[in-house]
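J.: sequence plus the predicted model coming up.
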Amino acid sequence: MDSNEFIYGFTLKSKIKSLFSSQICFFVFFIMDKTQILTQLSAISTKDELETWYQTYLGKKGSITLAFKEMWNLSPEDRKIKGQELSSLKSALEREYQQKADTFLNEEINALLEKDLVDISLPVKKLEQGFYSLLVKTRREMEEIAQSMGFRIEIGKEVVSKFENFEAVNIPISHPATEMHDTIYLTKKDDRGENYVMRTHTSSAQNYVIKKYWVPIRVVLPWKCYRFDEMDPSHDTMFYQMEGVYIDKNISVANFKYVIETFLSGVLKKKVEVRMRPGYFPFVEPGFEIDARYEYIDPKTGEKQLSKRLELLGAGMIHPNVLRNAGVDPDEGRTGFAFGIGINRVTAMKYGVKDIRYFTSGDLRFTRSFA
Ligand code: PHE
């Protein structure tokens, strides 16, 4: 038998020598040939068996490892020859082991892939795509049109001091107008010891934007307002308003009428005509209530028709006190107008919705019908 075939290829001479050497021989002496070990390996069918096989021969306490340790009992010449034999045997076994281990790994991966198999030819369930609510859609369109007319966009704050909501825009706290607004108060108090409020109108930001951007100014503020109102088809406790503030030299009511008609025509995508009625708002003088109607073609008769008038906004020339409160001297020739449009009402008009409470009801049948 070729000595190369032995796992432990000590000659008898060296074996006897080692047994009688002063060192203690502690490992179990045995002889097994390479073919036998590999036959064992090829019979292995599980990962656990493979691991046991590895530990038996190549592990820390495996016979090959121990044989290397025992090598020190041999004469230097024997050690050299046997060492080489042992090393080549060790690498041959390691190679075979690795191959077997790879086979197991591949089998495992294939089994996993098989389990997770995705049939890409199967028709998929259609994903539902989200869409904007009517209010958001309209608000964005209004913003775009305002921007195209040179207005910048500002949101302002929903929670404001009582001062900002009322006094800064010329509404004395004792004024009946404060009742008209049915304010929602918060328990938190400001520096003046007054409760904060949920803004009842976007006009509460007039003072802040004028101070921020100074004059001349063209700003729209589209966002939420809150009132402790009875809810009905045209009133909700939370609603969207868009405030417009336009201040420059020699601005007149005629300028306002042109701007608002152009703006509303853009938003409703129809030719809009406004009617201005006197209206009372403490922060403007004179003040107006604005009703709008538009031209449309009757689908039944094909004839031009005028829609019903709908009250859409409050507006007016900014009161000198409001300008003064923001630090602008009204006597220096700066004048301007402000308007506050109900975004919910514009949306209702645009889409022919009879009750503005639908917009925030969360009723998907309503929302989906405009998707
Ligand atoms: N703030 C008023 C309201 O909420 C609307 C308005 C804004 C009126 C600006 C005049 C000028 O009803």
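T.: Received, thanks.
J.: residues from this structure in reach of the ligand?
T.: Neighbours of the ligand within the chain, by C-beta under 6 Å from any ligand atom: 201, 203, 243, 281, 284, 287, 314-316, 338-340. (C-beta placed from N, C-alpha, C; glycine too.)
J.: repeat that for 5 Å
T.: Residues of the chain lying close to the ligand (C-beta under 5 Å from any ligand atom) are 201, 203, 281, 284, 314-316, 338, 340.
J.: columns secondary structure and neighbour count on top of the residues you listed, output as TSV?
T.: TSV is the format used below for the residues of the chain next to the ligand (DSSP: H, G, I helix; E, B strand; the rest coil; neighbours: other C-beta atoms under 10 Å):
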residue	secondary structure	neighbour count
H201	coil	22
S203	helix	31
F281	coil	23
V284	strand	24
G314	strand	22
A315	strand	26
G316	strand	25
A338	strand	26
G340	strand	23
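J.: okay, now Q241: neighbour count?
T.: By other C-beta atoms under 10 Å, the residues close to Q241 number 23.
J.: that one: what's it in contact with?
T.: Taking C-beta atoms under 8 Å, 6 or more residues apart in numbering, we find Q241 in contact with 201-202, 221-223, 225, 340-343.
J.: closest one of the residues of the chain next to the ligand to P123?
T.: In terms of C-beta to C-beta, no member of these lies closer to P123 than G340, at 51.6 Å.
J.: okay, and the beta partners of the closest one?
T.: E243, G314 (DSSP bridges).
J.: before we move on, the earlier item: just the ones in strands from the contacts of Q241, please.
T.: 221-223, 225, 340-342 (DSSP state E).
J.: can you tell me which of the contacts of Q241 has the most neighbours?
T.: Of the contacts of Q241, with other C-beta under 10 Å as the count, T202 tops at 29 neighbours.
J.: chain neighbours aside, what residue packs nearest to that residue?
T.: E243 (3.5 Å; C-beta to C-beta, 6 or more residues apart in numbering).
J.: how about N207?
T.: Excluding the flanking residues, the one nearest N207 by C-beta to C-beta, 6+ apart is A168, at 3.8 Å.
J.: which stretches in the protein count as strands?
T.: According to DSSP E, the strands that the chain contains are 152-153, 159-160, 185-189, 195-198, 217-226, 238-249, 272-278, 284-297, 304-306, 310-318, 334-342.
J.: now render the ones you listed as CSV, adding mean pLDDT.
T.: Listed next are the strands of the chain as CSV, based on pLDDT from 0 to 100:
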stretch, mean pLDDT
strand 152-153, 97
strand 159-160, 96
strand 185-189, 94
strand 195-198, 93
strand 217-226, 96
strand 238-249, 96
strand 272-278, 96
strand 284-297, 94
strand 304-306, 91
strand 310-318, 94
strand 334-342, 95
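J.: how many other residues sit next to A348?
T.: A count of nearby residues for A348, using other C-beta under 10 Å, gives 23.
J.: mind listing what it touches?
T.: Taking C-beta under 8 Å, 6+ apart, one finds 234, 310, 354-356 in contact with A348.
J.: return a ChimeraX selection command for the buried portion of those residues.
T.: The command below creates a ChimeraX selection of those among these that count as buried (16 or more other C-beta atoms under 10 Å):
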select :234,310,356
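J.: what is the lowest-pLDDT residue among the contacts of A348?
T.: Among those, S234 has the lowest pLDDT, at 76.
J.: nearest residue to that residue other than its sequence neighbours?
T.: That would be I356: by C-beta to C-beta, 6+ apart, it lies 5.9 Å from S234.
J.: quick one: the one you found and D232 touch, right?
T.: No: between I356 and D232 there is no contact under C-beta atoms under 8 Å: 9.0 Å.
J.: give me the pLDDT value at the residue nearest the centre of the chain.
T.: Geometric centre of the chain, nearest residue: G130, 13.7 Å, by C-alpha atoms, centre = their mean. Note for G130: predicted pLDDT of 83.
J.: for the stretch 1-150 of the chain, which spans come out with low pLDDT?
T.: Along the stretch 1-150 of the chain, segments meeting pLDDT under 70 span 1-32.
J.: do a quick rundown of the helices in it.
T.: For the stretch 1-150 of the chain, the helices defined by DSSP state H, counting those that start in this stretch occupy 12-20, 34-43, 47-57, 63-70, 76-115, 134-148.
J.: using a markdown table, lay out those helices together with mean neighbour count.
T.: Below are the helices of the stretch 1-150 of the chain laid out as a markdown table (neighbours: other C-beta atoms under 10 Å):
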| stretch | mean neighbour count |
| --- | --- |
| helix 12-20 | 13 |
| helix 34-43 | 13 |
| helix 47-57 | 15 |
| helix 63-70 | 17 |
| helix 76-115 | 13 |
| helix 134-148 | 17 |
